[in-house]
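> just to be clear, the model below is a prediction. Sequence and coordinates:
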Amino acid sequence: MGKGKGIIGQKLGMTSLFNTAGEQVPVTVIYAGPCVVTQIKTTATDGYNSIQLAYGDIKEKNVNKPKKGHFEKSGGKAYSMLKEFRVEDIEQYNLGQSIKAEDVFNVGEKINISGITKGRGFSGVIKRHGFHGGKKTHGSMSHRIPGSIGCSATPSRVIKGKKLPGQYGNTNKTVKNIEIIDIRPENNLIMIKGAIPGCNKGIISLYKQNA
């Protein structure tokens with residue numbers, strides 16, 4: 001569940017813009033919304049205030065009966081992505097209400113963005129953790145291996161959290177204090193300064209700070 005007021009979007013890719021000072025700024029283009037309110041939770045009924053937003057079209061035949069009944073309360077259209085966002089003023093939301101990027105964010109504002117990082121599969125310690133590797137001289141047998149991982153006689157075990165080979169990426173990551181460079185309401189686009197987690201066409205969540 002989201003920790004603040006926000007919206008669901010889709011990462012489209014990166015480009016660059018020129019600001020008013022003539023400086024070239026790298027930006028990530030995000031197709032943000034429009035999202036639809038499919039559920040409203042209140043302190044009286046659920047113990048906290050939040051709204052559930054839906055994003056992404058999907059064929060009705062690919063939705064099971066419980067979700068189909070859930071979507072009927074907000075208009076009947078099926079969606080592929082659901083996510084909750086905490087809000088304080090619950091009175092300003094209604095079931096079926098459409099929320100766009102310009103309704104939540106402003107140009108120049110700093111926000112938090114969460115997404116699933118690119119999955120790179122099983123990786124060694126050099127690629128996964130940035131180890132510098134062993135010697136490349138004749139006879140060396142430790143070019144890319146992690147090396148010793150034990151603790152001698154005491155405590156005679158591998159310490160929890162040791163940097164070892166394993167799955168790299170495909171984890172949820174949040175970047176904070178990302179500046180909004182531009183918002184284009186006619187196309188539902190937000191331009192974010194710098195890079196954000198995830199691959200192109202990946203689903204991301206944008207959160208308003210101190211919401």
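The structure has been received and is ready for your questions.

> this structure: helices as residue ranges?
Ranges of helices in the chain, per DSSP state H, are 43-46, 65-72, 101-104, 125-129.

> just the buried residues of the longest one, please?
I take that to be helix 65-72. Neighbour-count burial for helix 65-72 flags Lys67, His70, Phe71 (criterion: 16 or more other Cβ atoms under 10 Å). (Each C-beta comes from the backbone N, C-alpha and C, glycine too.)

> what of the last one?
In terms of neighbour count (16+ other Cβ under 10 Å), helix 125-129 has its buried residues at Val125, Ile126, Arg128.

> tell me where this protein has strands.
6-18, 24-32, 35-41, 50-57, 79-86, 98-99, 110-116, 122-123, 166-167, 172-184, 189-193, 203-208 (DSSP state E).

> so which of those strands is nearest Ile145?
Distance to Ile145, taken as Cβ to Cβ, is lowest for strand 122-123 among those, at 13.4 Å.

> out of the buried residues of helix 125-129, which comes closest to Met14?
Lowest distance from Met14 to those (Cβ to Cβ) belongs to Arg128, with 24.0 Å.

> ok, that closest one touching Tyr168?
Yes - in this structure Arg128 lies within contact range of Tyr168 using Cβ atoms under 8 Å: 4.5 Å.

> check contacts around the residue nearest the centre of the chain.
By Cα atoms, centre = their mean, the chain has its centre lying nearest to Gly115, at 1.9 Å. By Cβ atoms under 8 Å, 6 or more residues apart in numbering, Gly115 lies in contact with Lys11, Asn172, Lys173, Ile196, Pro197, Gly198, Gly202, Ile203, Ile204, Ser205.

> before we move on, the earlier item: out of the strands of the chain, which gets nearest to Lys160?
strand 166-167 (13.6 Å).

> what pairs with that closest one, parallel or antiparallel?
strand 122-123 (antiparallel) (DSSP bridges).

> what's in contact with the strand it pairs with?
When contacts are defined by Cβ under 8 Å, 6+ apart, strand 122-123 is touched by residues Pro165, Gly166, Gln167, Tyr168.

> may I see the ChimeraX selection of the buried members of those residues?
Per 16+ other Cβ under 10 Å, the buried members of the contacts of strand 122-123 correspond to this ChimeraX selection:
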select :165,168
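
> I'd like the contacts of strand 122-123 written out as JSON lines, with distance to Gly96 added.
Written out in JSON lines, the entries for the contacts of strand 122-123 read as follows (distance: Cβ to Cβ, whole Å):
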{"residue": "Pro165", "distance to Gly96": "49"}
{"residue": "Gly166", "distance to Gly96": "44"}
{"residue": "Gln167", "distance to Gly96": "40"}
{"residue": "Tyr168", "distance to Gly96": "41"}
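
> show me the shaky parts of the chain.
1-4, 210-211 (pLDDT under 70).
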